[in-house]
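> Pasting the sequence and the predicted model now:
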Amino acid sequence: MFPELSDILSVLEELAPIAYAEEWDNPGLQIGQPSQVIHNIFMSLDPTLDALKAASEVNAQLLLTHHPLLFKPLHHLDLTTASGKIILEAVHSGIAIVAAHTNLDVARGGINDMLARVFSLRDVTPLQERTDPGDRGVGLGRIGLLPQSETLDEIAENVKGTWGLRTVKVVGEKNRLSNRVAVVGGSGGGLVSTAAKAGAELLITGDIGHHHALEAVALGLSLIDAGHFHTEKRALSLFSRPFETALRKRGYDVAVASFENEKCPERYL
């Protein structure tokens, strides 16, 4: 049985309720018709023209992204702007766009749980758990224990190898041992003090700024900044398998593929 787009949205709502999203966020349907029949789903971190082209090449009817295309209400639609070109291409190609963003970050089995799996963390709990009743296991970031203690430089080399990076930004003494590690996909600099209070010895995230680094030094917390893109991309790819399983458990005959060739827009010389 092939689902309609509205069915896909219902499954996503079960896995990552929109109520979990931050107030500033805009997850859910971005472009599309709820009655559209879906045979193939293509996942990418960002809703780009390249992602739409790749989705079209595998005959996908839905592009499921982490980052939303639209954050604010549109007052006019200029088809020459970056977002306008994407909207035009999506409509012309008949590909719906749906986003699962901060709601998927905090959800059980979402981005940060997948990121914790990348580093083989055990005894994993939310770094900043939601306080609403029934939300146990839901929250910003994750914190857990490495299989064994490692130095900051050893972990940094592991991070580079895992994501094929030439460089990462590091804060802390290179020989400092870490065992209790916090991970936050995307931009996690604002959780430096939270990680330190939770007993983390190291925070792995993206978008670490100068003042975040100074705060970490003062708190005795090591940092590894592997970039916004890389801390979320691998985790999103891992999420595709349980997402497809959830669809098939409901009897939906739909395939889920990921944009493996998606590239980070930034590079370092």
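That came through fine.
> Without its sequence neighbours, what residue ends up closest to the spatially most central residue of the chain?
Taking C-alpha atoms, centre = their mean, the centroid of the chain lies closest to residue 232, which sits 3.9 Å from it. Of all residues not flanking residue 232 in the chain, residue 185 sits nearest, at 4.5 Å (C-beta to C-beta, 6 or more residues apart in numbering). From N, CA and C alone the C-beta is placed, and that goes for glycine too.
> quick revisit: the residue nearest to the centre of the chain is in what secondary structure piece?
Using DSSP states H and E, residue 232 sits within helix 228-249.
> who does the helix or strand that that helix is followed by pair up with?
Moving toward the C-terminus from helix 228-249, the next helix or strand (DSSP H and E) is strand 255-258. Note on strand 255-258: by DSSP bridges, its sheet partners are strand 40-44 (parallel).
> could you give the mean pLDDT of the strand it pairs with?
In this model, strand 40-44 has an average pLDDT of 98.
> quick one, that strand and helix 228-249 angle?
160 degrees (axes from the mean of the first three to the mean of the last three C-alpha atoms, to 10 degrees).
> which intervals of the stretch 101-250 of the chain have sub-threshold pLDDT?
For the stretch 101-250 of the chain, applying pLDDT under 70 flags no range at all.
> one more time with 90
131-136, 234 (pLDDT under 90).
> Strands of that one, start to end?
122-129, 139-151, 169-171, 177-187, 202-206, 222-225 (DSSP state E, counting those that start in this stretch).
> which other helices and strands contact the shortest one?
Contacting strand 169-171 under the criterion 3 or more C-beta pairs under 8 Å, 6 or more residues apart in numbering; DSSP states H and E are the following elements: helix 152-163, helix 210-219, strand 222-225.
> Save those as TSV, and put in distance to residue 18 and mean neighbour count too.
Below are the helices and strands packed on strand 169-171 laid out as TSV (distance: least, C-beta to C-beta, whole Å; neighbours: other C-beta atoms under 10 Å):
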stretch	distance to residue 18	mean neighbour count
helix 152-163	29	17
helix 210-219	29	15
strand 222-225	29	25
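> Tell me which of those sits nearest to residue 204.
Residue 204 lies closest to strand 222-225 among the helices and strands packed on strand 169-171, at 4.7 Å (C-beta to C-beta).
> Can you spell out which helices and strands pack onto the closest one?
helix 152-163, strand 169-171, strand 202-206, helix 210-219.
> Compare these and report which one is nearest to residue 225.
Judged by C-beta to C-beta, the one of these that comes nearest to residue 225 is strand 169-171, at 3.7 Å.
> Which of the residues in the closest one are classified as buried?
Buried residues in strand 169-171, counted by 16 or more other C-beta atoms under 10 Å: 170-171.
> Check what contacts it and list those residues.
152-153, 156, 208, 213, 216-217, 222-225 (C-beta atoms under 8 Å, 6 or more residues apart in numbering).
> Recalculate using a threshold of 6 Å.
For strand 169-171, contacts defined as C-beta atoms under 6 Å, 6 or more residues apart in numbering pick out 156, 208, 213, 216, 223-225.
> between the residues you listed, which is closest to residue 122?
residue 224 (19.1 Å).
> now that closest one: how far from residue 49?
Per C-beta to C-beta, to the nearest Å, residue 224 is found 32 Å from residue 49.
> same check, this time on residue 84
Distance from residue 84 to residue 49, by C-beta to C-beta: 11 Å.
> ok so, going back, just to check, the residue nearest to the centre of the chain is in contact with residue 183?
No. If you go by C-beta atoms under 6 Å, residue 232 and residue 183 don't touch, sitting 11.0 Å apart.
> that older thread, tell me who's in contact with the residue nearest to the centre of the chain.
So residue 232 contacts 45, 66, 185-186 (C-beta under 6 Å, 6+ apart).
> of the residues you listed, closest to residue 111?
Ranked by distance to residue 111 (C-beta to C-beta), the contacts of residue 232 are led by residue 185 at 4.5 Å.
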